[in-house]
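A.B. asks: Please find the sequence and the predicted model below.
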Amino acid sequence: MNKESSYYIEKCLNSCVDCKKCMKNCPMIENYSSSPKSLLKRLAEGELMESAAYACCQCGYCEAVCPTNTPLMGVFTSIRSEVQNKKSFFSIGKGSLAVGFHQRNSFSSFFTGASKIKSKKAFFPGCSLLSYSEEIVYKTYKHMKNIDPEMGLKIYCCGKPTLDMGKNSKFEERFKSVMQSMKDQGTQELIVACANCYEVFKKYGDGIVVTSLWEWLRDNGVPKKCNYRGNNLKFALHDPCPIRKRNEIHEAVREVLEDIELPFEEFEYNRDKTLCCGAGAMVKLTETKLALKQMEKRANQTECSHIVTYCESCVESMIDGGKPAVHILDLLFNSENIKKRNYEQLIPKTSERWKNRRRGVQRLKEL
C-alpha cells in the first residue's frame with residue numbers, strides 16, 4: 001500500500017463514526033461490508049483493495065452526507081491510482097483494456113477536431129453526446145451560432161475515463177494535448193454539455209473559462225418551437241452526480257425545463273444529494289452486475305413513467321435500469337423523433353457510436 005492510500009485510510013478510520021449514512025445509497029459499501037468502518041479496517045489490513053476500489057462509482061454521495069466530512073471517496077481514488085502503477089488483474093483487465101481502447105481512439109485525429117474559425121468561445125459537447133447523435137450536437141451548435149456568430153465547435157475527449165481508471169500520468173499527458181489545441185485555436189471559454197467534461201475543465205483547465213450549456217441556454221434562450229405539450233407522461237428529473245455541488249447548474253436546468261413547459265417531478269435524492277446512475281467511474285465495465293443493480297435501483301426510485309436528465313450516460317443507465325429516458329437536448333432538438341418513440345431514446349450499438357463520432361468530425365469541414 002502506498003503512502004497516499006495509507007493516509008486516506010488512516011484519516012477515514014480516525015474520523016468515521018460508523019453512522020452508516022453513506023451506506024444507505026452507496027452501491028459499493030453494502031456489497032463488501034456491514035459498515036464503512038469495518039470496510040476501512042479490512043482495507044487497512046490489505047483486503048479487498050482492488051475489488052472495492054473498482055466497485056466505487058466515485059459519485060461523492062458518501063462525502064455529501066457524512067457528518068464528519070470523512071474523505072471516503074479519496075481512499076478508493078488513491079487505490080485505483082496505486083493499482084495502475086503495478087501489473088495486476090485490474091490494471092490489465094476488468095474493463096481496463098476496453099477503457100484503453102476507447103481512450104486511444106478518442107484522442108486520435110480520426111475522432112477529434114475543431115471548427116475552422118479561431119473563436120474565443122466554443123461549444124464542447126463531449127464524447128457521450130456525440131456518440132449518441134451527431135445530429136443533436138450540430139443542431140445545438142447551429143442554435144448557439146445563430147445567437148453568437150463567433151461561436152466555435154470543439155470535438156475532443158476530456159480524458160475522464162483515463163482519470164477514472166487511475167492512470168493519472170496518462171491523463172495528464174492526454175489532457176495537456178487538449179489544452180494545447182485550445183491554446184493554438186485561441187479558445188478562452190468552453191460551453192460544456194457533459195457533466196464530467198465540465199468538472200474536468202473546471203479542475204484542470206487552467207486559464208479556460210468553463211460555462212455549463214444549461215446556464216448558456218437559460219441566459220440566451222431555447223428554440224422557439226420546442227415546447228412540450230399534448231401528452232400526459234410524467235417525467236422525473238435526474239441530476240448527474242459529477243456536478244452535485246453545482247447548484248447554479250441545477251437551477252439553470254430547471255429554468256430551461258420550465259421554459260419548454262415540461263412538467264417534471266423531483267427525485268427524493270436530488271441536486272447535491274443525487275445518486276449515481278450506476279455508470280460512474282467506469283463501474284459498468286469493472287463491476288457490471290453491481291452497476292446494473294444501481295441502475296435498476298435509481299430508475300425505480302420514482303413513480304414517474306419517464307426520466308429526463310442532462311447527461312447522456314445517465315440517460316442510457318436509466319434505460320438499462322428499466323425506465324424510458326430522454327436527454328434534455330432530445331426535447332429541444334429532436335422533439336419530433338423522440339415523440340414518435342414515446343419519449344425514449346434509441347441507444348446506438350457500439351459500432352454506430354463510433355460512426356456517429358466520425359461523422360461529427362467530418363461535418364466540421366462544413367463549418
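C.D. replies: Cool, got the structure. This structure is a prediction, so every number in the text was calculated from the model and none was measured. Numbers count the residues shown, from 1 in each chain.
A.B. asks: Show me where the stretch 51-200 of the chain has its strands.
C.D. replies: 113-114, 121-124, 152-155, 189-192 (DSSP state E, counting those that start in this stretch).
A.B. asks: So which of these is nearest Trp354?
C.D. replies: In terms of CB to CB, the element of the strands of the stretch 51-200 of the chain nearest to Trp354 is strand 152-155, at 13.2 Å. Where C-beta positions appear, they are placed from N, C-alpha and C, glycine not excepted.
A.B. asks: Give me the packing partners of the closest one, helices and strands only.
C.D. replies: Using 3 or more CB pairs under 8 Å, 6 or more residues apart in numbering; DSSP states H and E, the elements in contact with strand 152-155 are strand 113-114, strand 121-124, helix 350-362.
A.B. asks: Could you tell me which other helices and strands the last one packs against?
C.D. replies: The reference is to helix 350-362. Looks like helix 350-362 contacts helix 127-132, helix 134-147, strand 152-155 (3+ CB pairs under 8 Å, 6+ apart).
A.B. asks: Save the helices and strands packed on strand 152-155 as a markdown table, and put in distance to Thr288, mean pLDDT and mean neighbour count too.
C.D. replies: Below are the helices and strands packed on strand 152-155 laid out as a markdown table (distance: least, CB to CB, whole Å; pLDDT from 0 to 100; neighbours: other CB atoms under 10 Å):
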| stretch | distance to Thr288 | mean pLDDT | mean neighbour count |
| --- | --- | --- | --- |
| strand 113-114 | 33 | 97 | 20 |
| strand 121-124 | 29 | 98 | 24 |
| helix 350-362 | 15 | 98 | 16 |
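A.B. asks: among the ones you listed, which is nearest Pro161?
C.D. replies: Per CB to CB, nearest to Pro161 of the helices and strands packed on strand 152-155: helix 350-362, 13.8 Å.
A.B. asks: and the direction of that closest one versus that of helix 134-147, what angle?
C.D. replies: In terms of direction (axes from the mean of the first three to the mean of the last three CA atoms, to 10 degrees), helix 350-362 departs from helix 134-147 by 30 degrees.
A.B. asks: from the middle of its chain, how far away would helix 350-362 be?
C.D. replies: Relative to the centre of its chain, helix 350-362 is centred 19 Å away, using CA atoms, centre = their mean, to the nearest Å.
A.B. asks: one step back: now for the helices and strands packed on strand 152-155, which one comes closest to Gln185?
C.D. replies: strand 113-114 (5.6 Å).
A.B. asks: picking that back up, dump the helices and strands packed on helix 350-362 into a markdown table; add mean neighbour count as well.
C.D. replies: Formatted as a markdown table, these follow (neighbours: other CB atoms under 10 Å):
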| stretch | mean neighbour count |
| --- | --- |
| helix 127-132 | 26 |
| helix 134-147 | 19 |
| strand 152-155 | 25 |
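A.B. asks: Ile338: which of the ones you listed is closest?
C.D. replies: Across the helices and strands packed on helix 350-362, Ile338 has its closest neighbour in helix 134-147 (10.0 Å, CB to CB).
A.B. asks: quick revisit: looking at the helices and strands packed on helix 350-362, spot the one closest to Glu344.
C.D. replies: If we rank the helices and strands packed on helix 350-362 by CB to CB, the stretch that ends up nearest is helix 127-132, at 13.0 Å.
A.B. asks: mean confidence score for that closest one?
C.D. replies: Helix 127-132 shows a mean pLDDT of 98.
A.B. asks: next one: stretch 273-280
C.D. replies: On average, stretch 273-280 scores 98.
A.B. asks: Contacts for that stretch, please.
C.D. replies: 25, 27, 57-59, 61, 64-65, 238-242, 244, 267, 269, 284, 291-295, 297-298, 301, 309, 311, 313-314, 316-318, 320-321 (CB atoms under 8 Å, 6 or more residues apart in numbering).
A.B. asks: What of stretch 330-345?
C.D. replies: Contacts for stretch 330-345 (CB under 8 Å, 6+ apart): 132-133, 135-136, 139-140, 143, 217, 222-223, 225-226, 228, 231, 233, 235, 260, 262, 306, 308, 315-316, 319, 324-327.
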